[in-house]
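1. Fold the stuff below for me.
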Amino acid sequence: HRVPPTNERSSGSWRAFLEHYKDQILACDFFTVETIWLKRIYVLFFIELGTRRIYLACCTTAPDSTWVTQQARQLVWNLNDDSKEFTFLIHDNDKKYTSSFDLVFSSEKVEILHPPFQSPKANSYAEGCVRSVREECLDQILILNENHLHRILKEYEGSRSFLIKTHYRTMRRISYRCHG
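-> Presented below is the predicted three-dimensional model:
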(Lines give C-alpha, C1' and ligand atoms only; values in the text may rest on other atoms or scores of the structure.)
Protein backbone atom coordinates (compact mmCIF):
# COMPACT_ATOMS: atom_id res chain seq x y z
CA HIS A 1 0.00 0.00 0.00
CA ARG A 2 2.91 2.35 -0.55
CA VAL A 3 2.52 5.33 -2.82
CA PRO A 4 4.26 4.79 -6.18
CA PRO A 5 6.72 7.39 -7.53
CA THR A 6 5.14 10.56 -8.91
CA ASN A 7 5.75 9.68 -12.55
CA GLU A 8 3.91 6.35 -12.10
CA ARG A 9 0.88 7.80 -10.32
CA SER A 10 -2.28 8.97 -11.99
CA SER A 11 -2.97 12.68 -11.81
CA GLY A 12 -5.27 12.25 -8.80
CA SER A 13 -5.81 15.05 -6.36
CA TRP A 14 -4.64 15.36 -2.76
CA ARG A 15 -8.26 14.97 -1.68
CA ALA A 16 -8.57 11.70 -3.64
CA PHE A 17 -5.34 10.46 -2.05
CA LEU A 18 -6.63 11.24 1.46
CA GLU A 19 -9.95 9.57 0.76
CA HIS A 20 -8.34 6.45 -0.69
CA TYR A 21 -5.76 5.96 2.09
CA LYS A 22 -7.64 7.52 5.03
CA ASP A 23 -7.63 4.31 7.10
CA GLN A 24 -3.82 4.26 6.89
CA ILE A 25 -3.17 7.93 7.66
CA LEU A 26 -2.48 9.80 10.88
CA ALA A 27 -2.28 13.58 10.90
CA CYS A 28 -0.83 15.76 13.63
CA ASP A 29 -0.66 19.39 14.50
CA PHE A 30 -0.19 21.86 17.31
CA PHE A 31 -2.62 24.42 18.57
CA THR A 32 -2.19 27.00 21.29
CA VAL A 33 -4.32 28.00 24.24
CA GLU A 34 -3.95 31.18 26.25
CA THR A 35 -4.47 30.96 30.02
CA ILE A 36 -6.18 33.65 32.06
CA TRP A 37 -2.65 34.73 33.06
CA LEU A 38 -1.83 35.24 29.33
CA LYS A 39 0.56 32.31 29.26
CA ARG A 40 0.65 30.38 25.96
CA ILE A 41 0.33 26.59 26.15
CA TYR A 42 1.02 24.35 23.14
CA VAL A 43 -1.05 21.21 22.59
CA LEU A 44 0.15 18.41 20.32
CA PHE A 45 -2.50 16.07 18.96
CA PHE A 46 -2.86 13.29 16.42
CA ILE A 47 -5.96 12.24 14.51
CA GLU A 48 -6.79 9.05 12.64
CA LEU A 49 -8.25 10.16 9.33
CA GLY A 50 -10.39 7.02 8.88
CA THR A 51 -12.17 7.10 12.24
CA ARG A 52 -11.34 10.69 13.18
CA ARG A 53 -10.27 9.50 16.59
CA ILE A 54 -8.21 12.10 18.41
CA TYR A 55 -5.10 11.35 20.45
CA LEU A 56 -4.22 14.36 22.59
CA ALA A 57 -0.53 13.89 23.27
CA CYS A 58 0.12 16.45 25.95
CA CYS A 59 0.53 20.14 26.56
CA THR A 60 3.55 22.27 27.41
CA THR A 61 4.72 25.85 27.45
CA ALA A 62 7.99 24.91 25.70
CA PRO A 63 7.66 22.26 22.96
CA ASP A 64 11.32 21.47 22.35
CA SER A 65 12.78 18.60 20.32
CA THR A 66 13.05 16.22 23.29
CA TRP A 67 9.45 16.78 24.38
CA VAL A 68 8.01 16.42 20.88
CA THR A 69 10.01 13.23 20.23
CA GLN A 70 8.87 11.71 23.53
CA GLN A 71 5.24 12.41 22.61
CA ALA A 72 5.78 10.62 19.30
CA ARG A 73 7.27 7.60 21.13
CA GLN A 74 4.35 7.51 23.54
CA LEU A 75 1.82 7.55 20.69
CA VAL A 76 3.65 4.77 18.83
CA TRP A 77 3.68 2.63 22.00
CA ASN A 78 -0.04 3.21 22.50
CA LEU A 79 -0.83 2.39 18.87
CA ASN A 80 1.27 -0.79 19.08
CA ASP A 81 -0.61 -1.80 22.24
CA ASP A 82 -3.88 -1.33 20.31
CA SER A 83 -2.44 -3.26 17.31
CA LYS A 84 -3.02 -0.28 15.02
CA GLU A 85 -0.78 0.22 12.03
CA PHE A 86 -0.50 3.31 9.92
CA THR A 87 1.36 3.87 6.68
CA PHE A 88 1.46 7.67 6.56
CA LEU A 89 1.77 10.62 8.93
CA ILE A 90 0.88 14.12 7.76
CA HIS A 91 2.40 17.07 9.55
CA ASP A 92 3.17 20.59 8.46
CA ASN A 93 6.63 22.06 8.09
CA ASP A 94 6.78 23.54 11.60
CA LYS A 95 10.29 23.48 13.06
CA LYS A 96 8.93 21.75 16.17
CA TYR A 97 8.78 18.54 14.12
CA THR A 98 12.45 17.63 14.22
CA SER A 99 14.25 14.80 12.48
CA SER A 100 14.13 12.78 15.74
CA PHE A 101 10.31 13.12 15.74
CA ASP A 102 10.17 11.84 12.15
CA LEU A 103 12.62 9.04 12.97
CA VAL A 104 10.24 7.62 15.60
CA PHE A 105 7.62 7.10 12.88
CA SER A 106 10.07 6.10 10.16
CA SER A 107 11.35 3.31 12.41
CA GLU A 108 7.76 1.98 12.43
CA LYS A 109 7.69 2.14 8.60
CA VAL A 110 5.41 5.17 8.60
CA GLU A 111 6.08 7.54 5.72
CA ILE A 112 6.08 11.25 6.59
CA LEU A 113 4.05 13.47 4.26
CA HIS A 114 4.67 17.22 4.28
CA PRO A 115 1.94 19.38 2.73
CA PRO A 116 3.05 22.45 0.79
CA PHE A 117 3.94 25.58 2.76
CA GLN A 118 1.03 27.83 3.78
CA SER A 119 -1.67 25.40 2.67
CA PRO A 120 -3.88 24.66 5.70
CA LYS A 121 -6.41 22.81 3.54
CA ALA A 122 -3.79 20.12 2.88
CA ASN A 123 -4.07 19.08 6.55
CA SER A 124 -7.78 19.86 6.74
CA TYR A 125 -8.60 16.98 9.09
CA ALA A 126 -6.24 18.35 11.73
CA GLU A 127 -7.39 21.94 11.16
CA GLY A 128 -11.02 20.85 11.47
CA CYS A 129 -10.17 19.00 14.65
CA VAL A 130 -8.70 22.15 16.17
CA ARG A 131 -11.88 24.01 15.28
CA SER A 132 -14.01 21.32 16.93
CA VAL A 133 -11.95 21.23 20.13
CA ARG A 134 -12.21 25.00 20.39
CA GLU A 135 -15.94 25.20 19.62
CA GLU A 136 -17.04 22.20 21.70
CA CYS A 137 -14.73 22.65 24.66
CA LEU A 138 -12.14 25.40 24.98
CA ASP A 139 -14.29 28.38 23.97
CA GLN A 140 -16.54 27.59 26.94
CA ILE A 141 -13.85 27.52 29.64
CA LEU A 142 -11.23 29.85 31.09
CA ILE A 143 -7.99 27.90 31.39
CA LEU A 144 -5.98 28.48 34.56
CA ASN A 145 -2.73 26.64 33.83
CA GLU A 146 -1.12 23.69 32.07
CA ASN A 147 -2.49 21.10 34.53
CA HIS A 148 -6.00 22.50 34.21
CA LEU A 149 -5.81 22.40 30.39
CA HIS A 150 -4.48 18.84 30.50
CA ARG A 151 -7.40 17.68 32.69
CA ILE A 152 -9.95 19.44 30.47
CA LEU A 153 -8.52 17.95 27.28
CA LYS A 154 -8.31 14.42 28.74
CA GLU A 155 -11.96 14.68 29.76
CA TYR A 156 -12.85 15.89 26.27
CA GLU A 157 -10.80 13.14 24.63
CA GLY A 158 -12.38 10.48 26.86
CA SER A 159 -15.91 11.58 26.09
CA ARG A 160 -15.18 11.68 22.35
CA SER A 161 -13.51 8.24 22.39
CA PHE A 162 -16.47 6.74 24.22
CA LEU A 163 -18.91 8.30 21.78
CA ILE A 164 -16.92 7.22 18.74
CA LYS A 165 -16.55 3.62 19.96
CA THR A 166 -20.20 3.16 20.94
CA HIS A 167 -21.99 5.22 18.32
CA TYR A 168 -19.63 5.32 15.35
CA ARG A 169 -22.30 5.28 12.65
CA THR A 170 -24.23 8.06 14.36
CA MET A 171 -21.06 10.03 15.04
CA ARG A 172 -20.31 10.31 11.34
CA ARG A 173 -23.57 12.24 10.91
CA ILE A 174 -23.51 14.62 13.85
CA SER A 175 -21.30 17.49 14.86
CA TYR A 176 -19.23 15.73 17.57
CA ARG A 177 -16.64 14.61 15.04
CA CYS A 178 -13.75 16.66 13.76
CA HIS A 179 -14.70 18.56 10.64
CA GLY A 180 -12.70 17.42 7.65
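
2. Quick check: which element contains the residue lying closest to Ala72 once chain neighbours are set aside?
-> Using CB to CB, 6 or more residues apart in numbering and skipping residues adjacent in sequence, the residue nearest Ala72 is Val104, 4.0 Å away. The way it works is simple: take the backbone N, C-alpha and C, and place the C-beta from them, glycine included. Using DSSP states H and E, Val104 sits within helix 99-106.

3. Which other helices and strands does that helix contact?
-> helix 65-81, strand 111-113 (3 or more CB pairs under 8 Å, 6 or more residues apart in numbering; DSSP states H and E).

4. returning to that earlier point: and for the residue nearest to Ala72, the neighbour number?
-> 19 (other CB atoms under 10 Å).

5. and Asp23, what is it in contact with?
-> Contact partners of Asp23, counting by CB atoms under 8 Å, 6 or more residues apart in numbering, are Leu49, Gly50.

6. mind running it again at 7 Å?
-> Residues near Asp23 by CB atoms under 7 Å, 6 or more residues apart in numbering: Gly50.

7. same thing with His148?
-> Taking CB under 7 Å, 6+ apart, one finds nothing in contact with His148.

8. again with Ile143
-> Val33, Thr35, Ile36, Leu149.

9. got it, and Val104?
-> Thr69, Ala72, Arg73, Val76.

10. what's the answer for Glu146, then?
-> Per CB under 7 Å, 6+ apart, neighbours of Glu146: Ile41, Cys59, Thr61.

11. out of those residues, which are buried?
-> Among the contacts of Glu146, those classed as buried by 16 or more other CB atoms under 10 Å are Ile41, Cys59.

12. Specify which member of the contacts of Glu146 is nearest to Ser124.
-> Nearest to Ser124 out of those is Cys59 (CB to CB; 22.9 Å).

13. From the opening residue of stretch 93-108 to its closing one, how far?
-> For stretch 93-108, the first-to-last residue distance is 21 Å (CA to CA, to the nearest Å).

14. same question, stretch 83-102
-> 20 Å.

15. Which residues does that stretch contact?
-> 1, 21, 24-30, 63, 65, 68-69, 72, 105, 110-115, 117, 123.

16. again, 8 Å this time
-> Outside stretch 83-102, the residues that touch it by CB under 8 Å, 6+ apart are 1-3, 21, 24-30, 42, 48, 63, 65, 68-69, 72, 79, 105, 109-115, 117, 122-123, 126.

17. Drop anything exposed from those.
-> Buried among the contacts of stretch 83-102 (16+ other CB under 10 Å): 21, 24-30, 42, 48, 63, 68-69, 72, 79, 105, 110-111, 113, 115, 122-123, 126.
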